[in-house]
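Trainee: Just a sequence and a predicted model for now, questions to come.
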Amino acid sequence: MSAAPTEPKTATGTPPEAEMPGAGPAPAGRLAVVGLGPGPDAWLTGEAADEIAAATDLVGYLPYVARCPERPGQVRHASDNRVEINRARQAIALARAGRRVAVVSGGDPGVFAMAAAVVEAIGTDPQPADYDFAVLPGVSAMQAAAARLGAALGGDFCAISLSDNLKPWSVVEKRLVAAATGDFAMAFYNPASKARPDGIHAAFAVLRRLKAGTTPVAFARAVGRPDEAMVVTTLAEAEPARADMATLVLVGSSQTRLVTGPGGRTLLLTPRSVEAER
Ligand SMILES: C[S@@+](CC[C@H](N)C(=O)[O-])C[C@H]1O[C@@H](n2cnc3c(N)ncnc32)[C@H](O)[C@@H]1O
């Protein structure tokens, strides 16, 4: 990230009032939930880089905080992955105390990430929110993966997290069936982890019952990072074990097809147009 530190600004773009003891209320803090994109700095928005540079405090899951350049005087509150709501409450407390807080989150913060935890914590906070609040969007993994492949999510699509940490597997299964019968292209987040190696196998079993074996499938791993790997295959031949926590899995609709691109490159097209059913 190359953005230089900037003066803290309020949401209206004006500098905060000078601190004058006894001259009025404590200076308002700011709480921004910031999307870092899926990996490379080139996919970090300028707005996000400015917010991170201006923050007095960075709050987030350790690998995401580690992606932000260290700045003198900036306090880094890095925590473990499974404490999202505590992290959100900590960020609110800091903002209420007048700090300028950036909660950093991978990809887009609104997609299976910290914005939901922060808004939930705000919703259950008994005190009024007296600080600036903003969610700054980022490039989500499904956008990055779809872009690498051309237009894999060019028509109607849905995003499903295959993790059953926060919802029962029966709900995941119901949504997979709905997505398949609705003929959506699909983006699967959190397809597998060491603790959850089986969900992706169960998900493919559901899809194989409901969709053609020729349906294009892509495993997009570590998109935008040095170890990026893309595999395009079919539903019949896809090897679910290929997916790990760094993988975004794309499954086509009945309209999705392969296109040979410049230099023989394989592209995926989910067209925007769908013919009327007869
Ligand atoms: C907790 S979710 C966070 C998603 C994030 N908020 C976003 O918008 O991309 C983590 C999952 O996102 C996907 N993911 C994140 N970064 C990725 C990347 N660079 N390449 C492929 N998949 C990625 C993986 O499926 C991973 O298990």
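Mentor: Right, received. Where do you want to start?
Trainee: rest of the way, CA atoms for contacts and neighbours
Mentor: Will do.
Trainee: what about the strands in this protein?
Mentor: With strands called from DSSP state E, the chain shows them at 30-35, 57-61, 75-79, 100-105, 132-136, 150-151, 157-161, 185-189, 216-221, 229-234, 247-251, 257-260, 266-269.
Trainee: what number of residues lie near Arg278?
Mentor: Counted with other C-alpha atoms under 10 Å, residues neighbouring Arg278 total 3.
Trainee: confidence score at it?
Mentor: Confidence at Arg278, expressed as pLDDT, is 78.
Trainee: Dump the strands of the chain into CSV; add mean pLDDT as well.
Mentor: Formatted as CSV, those follow (pLDDT from 0 to 100):
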stretch, mean pLDDT
strand 30-35, 98
strand 57-61, 97
strand 75-79, 96
strand 100-105, 98
strand 132-136, 98
strand 150-151, 98
strand 157-161, 98
strand 185-189, 98
strand 216-221, 98
strand 229-234, 98
strand 247-251, 98
strand 257-260, 98
strand 266-269, 98
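Trainee: Check whether stretch 247-264 comes near the ligand.
Mentor: Yes. Using C-alpha under 6 Å from any ligand atom, stretch 247-264 reaches the ligand at 247-248.
Trainee: Hmm, I typed the wrong one, I wanted stretch 230-238.
Mentor: No. Using C-alpha under 6 Å from any ligand atom, we find that stretch 230-238 stays clear of the ligand, coming within 9.4 Å at best.
Trainee: do the same with stretch 29-47
Mentor: Yes. Using C-alpha under 6 Å from any ligand atom, we find that stretch 29-47 touches the ligand at 38-39.
Trainee: Check which residues of that stretch are buried.
Mentor: For stretch 29-47, a neighbour-count test (16 or more other C-alpha atoms under 10 Å) marks 29-39, 41, 43-45 as buried.
Trainee: Could you do stretch 145-154 as well?
Mentor: For stretch 145-154, burial by neighbour count (16+ other C-alpha under 10 Å) applies to 145-146, 148-154.
Trainee: what's the span of that stretch from first residue to last?
Mentor: Distance between the two ends of stretch 145-154: 12 Å, counting by C-alpha to C-alpha, to the nearest Å.
Trainee: Please state the offset of that stretch from the chain centre?
Mentor: Stretch 145-154 has its average C-alpha position 16 Å from the chain's average C-alpha position, going by C-alpha atoms, centre = their mean, to the nearest Å.
Trainee: Ok, stretch 68-87 next?
Mentor: The answer for stretch 68-87 is 17 Å, by C-alpha atoms, centre = their mean.
Trainee: Could you do stretch 246-262 as well?
Mentor: 20 Å.
Trainee: And the pLDDT for Glu19?
Mentor: At Glu19, the pLDDT recorded in the model is 45.
Trainee: actually Arg89, not the one I wrote
Mentor: Looking at Arg89, the pLDDT reads 96.
Trainee: Give me every residue in the stretch 1-150 of the chain that's in contact range of the ligand.
Mentor: Within reach of the ligand by C-alpha under 6 Å from any ligand atom, the stretch 1-150 of the chain has these residues: 38-39, 106-109, 111-113, 140-141.
Trainee: Mind picking the two most distant members of these?
Mentor: Gly39 and Phe112 (16.2 Å; C-alpha to C-alpha).
Trainee: if we can go back for a sec, now rank the residues of the stretch 1-150 of the chain next to the ligand by neighbours and give me the top one.
Mentor: Neighbour-wise, these (other C-alpha under 10 Å) top out at Ala141, 28 neighbours.
Trainee: my guess is that residue contacts Gly39, does it?
Mentor: No. Using C-alpha atoms under 8 Å, Ala141 is not in contact with Gly39; the gap is 9.1 Å.
Trainee: Would you mind listing the residues touching both of those two?
Mentor: 107, 223 (C-alpha atoms under 8 Å, 6 or more residues apart in numbering).
Trainee: quick one: least confident of the residues of the stretch 1-150 of the chain next to the ligand?
Mentor: Least confident entry in those, by pLDDT: Gly39, with 92.
Trainee: Go ahead and confirm Val206 touches Glu173.
Mentor: Yes. Using C-alpha under 8 Å, Val206 is in contact with Glu173, at 7.5 Å.
Trainee: where do the helices sit along the stretch 1-150 of the chain?
Mentor: 46-54, 62-66, 84-96, 114-123, 141-148 (DSSP state H, counting those that start in this stretch).
Trainee: My error: substitute the stretch 151-278 of the chain in the last question.
Mentor: Here the stretch 151-278 of the chain has its helices, by DSSP H, counting those that start in this stretch, at 169-181, 199-210.
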